[in-house]
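A.B. asks: with the sequence up front, the predicted model follows.
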Amino acid sequence: MKRVNIGICGLGTVGSGTFNVLTRNQETISRRAGRDIQITHIGARRDNPASHTAGYNVSRDVFDVVRDPEVQIVVELIGGTSVAKDLVLEAIANGKHVVTANKALIALHGNEIFQAAEAKGVTVAFEAAVAGGIPVIKALREGLVANEVNWLAGIINGTGNFILTEMREKGRAFLDVLAEAQELGYAEADPTFDVEGIDAAHKLTILASIAYGVPLQFESVYTEGITQITQDDVQYAEELGYRIKHLGIAKRGQDGVEMRVHPTLVPEQRLLANVNGVLNAILVHGDAVGPTMYYGPGAGAEATASSVIADIVDVAREVDLAHPVPHLGYHRGAEGLKVLPMAEVVTSYYLRLQVTDEVGVMARIANILSDNEINIEAIIQKEPQPSDDTVPLILLTQRVQEQKMNKAITELEGQTSVIGKVTRIRVEQLDG
Ligand SMILES: NC(=O)c1ccc[n+]([C@@H]2O[C@H](COP(=O)([O-])OP(=O)(O)OC[C@H]3O[C@@H](n4cnc5c(N)ncnc54)[C@H](O)[C@@H]3O)[C@@H](O)[C@H]2O)c1
Ligand SMILES: N[C@@H](CCO)C(=O)O
Ligand code: NA
């Protein structure tokens, strides 16, 4: 069996998980790959007690791994976008294939990295970068190759979904659940990436590029996190027959592509509404196949290692192959396809307003909405608090363009009977 030498850079959560699974299942993996896959060099600033690396060639400087002439596949698991970028570009320059779990790196610098890789005739594989253990990159790029993707919508941040699930099921506080997600190794080094939607936007950038062949353009993704979601919103959504999920959505319209990440009300009977905890799921609607869904753990050491190793095997198999799977789009020529500004997106809305409990308030609110061509689908009006003469008013609207909703919200917030800000959460039926 032909031997393929692997160098692992970074021995944190995913690095250690990858080392452990690869050494534990080495024989099976090699047999399936048709290649003798061996870890020959590890770059780690310090040892990780979770992995027994005694007897392995370990360097404290990760660049020793990419400069090692024996190493054929460099596995980048240090994270971040500065050293990791230099490391990957140097590995490519040295003619090595790269496997990475780093979505920030791919979303921000992928265009440059893939160009360098193609010029050098090497592969950069990144299955673990999107939805952890779910083989969704492979599904999109290979399994669905026949389809035009009408739209895709996914829960693509495990930490965020874990927080929303614990808030809904156990009434737990946001920060308490976030601390647990960090302990479990789900969160990013900077957890604001998880809760502010940045991590999901990195992943959506990658999914949209593959689905539509557009260049990676993280800066064009409309991004909202989950930090504004209150326990009350979770309850009211439930009363209306919905769950709040943090979704990444990419959709092909007539005038361009939508790319957006935000909390979304999803009808409770949809599969996506029932994806809980650290689990992720991506619903892809192809023109030929219809809706297909990919479900599994979105984070965690060995779940993510599962994808890293799948990439290692793919690359090991193609080490001497002339036509590897292309890095991004399975078609070229969509470079100029426009990304729709959020103002042009059409969706339905959940609105929560705190209003004074007096005659005529409801009529004024209804007038503002109808003046902006917004139809109301459902209303919940709560009893006034004993301590207070204001009441929460929850509205579900029909579909309308975002810019009309922006105008209506500004007008609503200008009313003296509307207290504070209007909470707006988008609603998607996801029924294709
Ligand atoms: N944790 C997950 O569930 C998960 C899932 C999918 C993808 N990822 C991605 O995988 C990557 C690694 O994440 P992680 O959770 O394992 O992070 P981590 O912080 O646990 O591990 C990173 C490791 O790299 C080491 N490191 C950083 N810079 C280094 C340098 N210059 N030289 C040597 N070592 C260095 C750190 O000391 C640490 O041990 C990130 O890109 C992350 O986004 C993580
Ligand atoms: N922090 C990420 C890791 C997986 O990419 C998450 O929680 O989804
Ligand atoms: Na994946």
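C.D. replies: Good, I have the coordinates. Owing to the predicted nature of the structure, the values given are computational and were not obtained by experimental measurement. Ligands and ions are numbered 1, 2, ... in the order given.
A.B. asks: need the contact list for residue 131.
C.D. replies: By Cβ atoms under 8 Å, 6 or more residues apart in numbering, residue 131 lies in contact with 154, 156, 203, 280, 282, 294, 296, 298. Every C-beta, even on glycine, is put in place using the N, C-alpha and C of the backbone.
A.B. asks: so residue 411: helix, strand or coil?
C.D. replies: When classified by DSSP: H, G, I helix; E, B strand; the rest coil, residue 411 comes out as helix.
A.B. asks: what does the pLDDT read for it?
C.D. replies: According to the per-residue confidence, residue 411 scores 98 in pLDDT.
A.B. asks: test my guess that residue 339 contacts residue 217.
C.D. replies: Yes: counting by Cβ atoms under 8 Å, residue 339 sits close enough to residue 217 to count as a contact (6.6 Å).
A.B. asks: and the stretch 251-400 of the chain, which residues reach ligand 3?
C.D. replies: Within the stretch 251-400 of the chain, the positions adjacent to ligand 3 are residue 307 by Cβ under 5 Å from the ion.
A.B. asks: taking the stretch 251-400 of the chain, what residue is nearest to ligand 1?
C.D. replies: When you check the stretch 251-400 of the chain against ligand 1 by Cβ to the nearest ligand atom, the closest residue turns out to be residue 299, at 3.3 Å.
A.B. asks: and that residue, that one's in a helix?
C.D. replies: No: remark: residue 299 does not belong to a helix; assigned using three-state DSSP, it is coil.
A.B. asks: re earlier: mutual contacts of residue 339 and residue 217, please.
C.D. replies: Once Cβ under 8 Å, 6+ apart is applied, the residues that residue 339 and residue 217 both contact turn out to be residue 259.
A.B. asks: between those two, who's got more neighbours?
C.D. replies: Here residue 339 and residue 217 are compared on neighbour count by other Cβ atoms under 10 Å; more neighbours surround residue 339, at 19 against 15.
A.B. asks: contact partners for the more buried one?
C.D. replies: Neighbouring residues of residue 339 by Cβ under 8 Å, 6+ apart: 214, 217, 220, 256, 257, 258, 259.
A.B. asks: most widely separated two among those?
C.D. replies: Comparing every pair within the contacts of residue 339 by Cβ to Cβ identifies 217 and 258 as the most remote, at 12.7 Å.
A.B. asks: run a quick neighbour tally on whichever residue of the chain sits closest to ligand 1.
C.D. replies: Closest approach between the chain and ligand 1, counting by Cβ to the nearest ligand atom: residue 12, at 1.8 Å. As a burial measure, residue 12 scores 17 neighbours (other Cβ under 10 Å).
A.B. asks: just checking, it touches residue 76?
C.D. replies: No: applying Cβ under 8 Å as the test, residue 12 and residue 76 come out as separate, 11.9 Å apart.
A.B. asks: sorry, back to before: find the nearest non-adjacent residue to the residue of the stretch 251-400 of the chain closest to ligand 1, please.
C.D. replies: residue 158 (3.6 Å; Cβ to Cβ, 6 or more residues apart in numbering).
A.B. asks: same question for residue 379.
C.D. replies: Leaving out its chain neighbours, residue 379 is closest to residue 395 (Cβ to Cβ, 6+ apart), at 5.5 Å.
A.B. asks: what's opposite that neighbour in the beta bridge?
C.D. replies: residue 351, residue 379 (DSSP bridges).
A.B. asks: try residue 401
C.D. replies: Taking DSSP bridges as the rule, residue 401 bridges to residue 346.
A.B. asks: that one contacts residue 341, doesn't it?
C.D. replies: No: with contact defined as Cβ under 8 Å, residue 401 and residue 341 do not form a contacting pair (10.8 Å).
A.B. asks: so for those two, which sits in the more crowded spot?
C.D. replies: In this comparison of residue 401 against residue 341, neighbours counted by other Cβ under 10 Å, the higher total goes to residue 401 at 16 against 13.
A.B. asks: for the more buried one, give me the pLDDT.
C.D. replies: Per-residue confidence at residue 401 stands at 97 (pLDDT).
A.B. asks: do the same with the one 3 residues further on
C.D. replies: If you check residue 404, the pLDDT there is 98.
A.B. asks: just the one 10 residues further on next, same as before
C.D. replies: Predicted confidence (pLDDT) for residue 414: 97.
A.B. asks: measure it to residue 368 for me?
C.D. replies: Counting by Cβ to Cβ, to the nearest Å, the gap between residue 414 and residue 368 amounts to 9 Å.
A.B. asks: likewise residue 312?
C.D. replies: With distances defined as Cβ to Cβ, the gap from residue 312 to residue 368 amounts to 57 Å.
A.B. asks: with residue 155 instead?
C.D. replies: Distance of residue 155 to residue 368, computed by Cβ to Cβ: 33 Å.
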